[in-house]
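Peer 1: build me a structure from this.
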Amino acid sequence: MSPPVKRTYRAAKRAETAEATRAALRAAATELFVESGYAATTMREIARRAGVGERTLYDAFPNKFELFRHTIGVATVGDEQPVAVAARPEVLDARADPDPRAAVTQLVTYTAALFERAGDLIMVGIEAGAADANMRAATAAAEADTHTFWLTLTRNLFRDNALRPPLDADTAADIAYALASPHLFRLLRRQRGWAAPQYRDWLIETVIAQLLPE
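Peer 2: Residues are numbered from 1 along each chain as shown. Predicted coordinates for the structure are as follows:
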């Protein structure tokens with residue numbers, strides 16, 4: 001094996017090890033944040049549950065807020081790629097669909113899957129915002145992005161005369177934003193024990209009924 005090949009191999013192994021470490025830290029952080037809340041969870045506990053040293057944890061994430069932000073970010077989009085929800089292929093394809101029902105169905109399905117991955121963490125962030133300024137600001141920014149996510153859809157529907165009269169784009173976005181919320185996800189999935197397909201199908205049917213004409 002030539003020196004350049006060795007260096008490439010070693011670099012690849014280091015990257016693989018770092019990725020595995022981040023995954024272990026995310027899993028441990030998610031469990032503890034959901035179990036105990038953001039404020040009560042310590043970096044030491046996260047390192048212990050992940051099976052790594054505290055130094056390893058701090059080398060990867062300088063503080064708890066950065067770890068939470070990384071963890072919820074990956075849970076939200078489903079991978080470590082730096083591509084926002086609004087730029088994801090599934091979302092772009094849904095927005096380009098000329099069939100209003102298909103477009104709504106695809107976006108609601110995407111949202112339901114997102115909540116399965118990240119809904120509990122989103123609620124952790126919302127609740128932590130009451131006492132933590134960084135979490136409060138991050139939550140406010142995420143909520144604004146989510147409303148814009150729905151507003152982009154409803155503006156397209158309004159442009160195409162596809163909204164149920166007399167809805168305008170802003171009101172329709174507010175309705176979708178309220179129905180497809182992490183609060184309602186937690187109520188139905190976690191507190192009332194709905195199965196994931198039941199929640200997803202109900203949400204699709206309800207958003208379509210509220211936004212589109214019969």
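Peer 1: ok, which stretches of this structure are strands?
Peer 2: Under the criterion DSSP state E, the chain carries no strands.
Peer 1: give me the domain ranges for it.
Peer 2: Using automatic domain parsing, the domain ranges for the chain come out as 1-81, 83-214.
Peer 1: now do the contacts for the spatially most central residue of the chain.
Peer 2: Closest to where the C-alpha atoms of the chain average out (CA atoms, centre = their mean) is T76, at 2.4 Å. By CB atoms under 8 Å, 6 or more residues apart in numbering, the residues touching T76 are 85, 114, 117-118, 122. Every C-beta, even on glycine, is put in place using the N, C-alpha and C of the backbone.
Peer 1: which stretches of the protein have low pLDDT?
Peer 2: 1-13 (pLDDT under 70).
Peer 1: what segments of it are helices?
Peer 2: Along the chain, the stretches classed as helices by DSSP state H are 3-36, 43-50, 54-60, 64-77, 89-96, 100-128, 133-159, 169-179, 182-185, 196-211.
Peer 1: list the buried residues in the third one.
Peer 2: This means helix 54-60. L57 (16 or more other CB atoms under 10 Å).
Peer 1: quick one on the thing from earlier: I'd like the contacts of T76 as CSV, with distance to D160 appended.
Peer 2: Shown next, in CSV, are these (distance: CB to CB, whole Å):
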residue, distance to D160
V85, 23
L114, 25
R117, 31
A118, 30
I122, 31
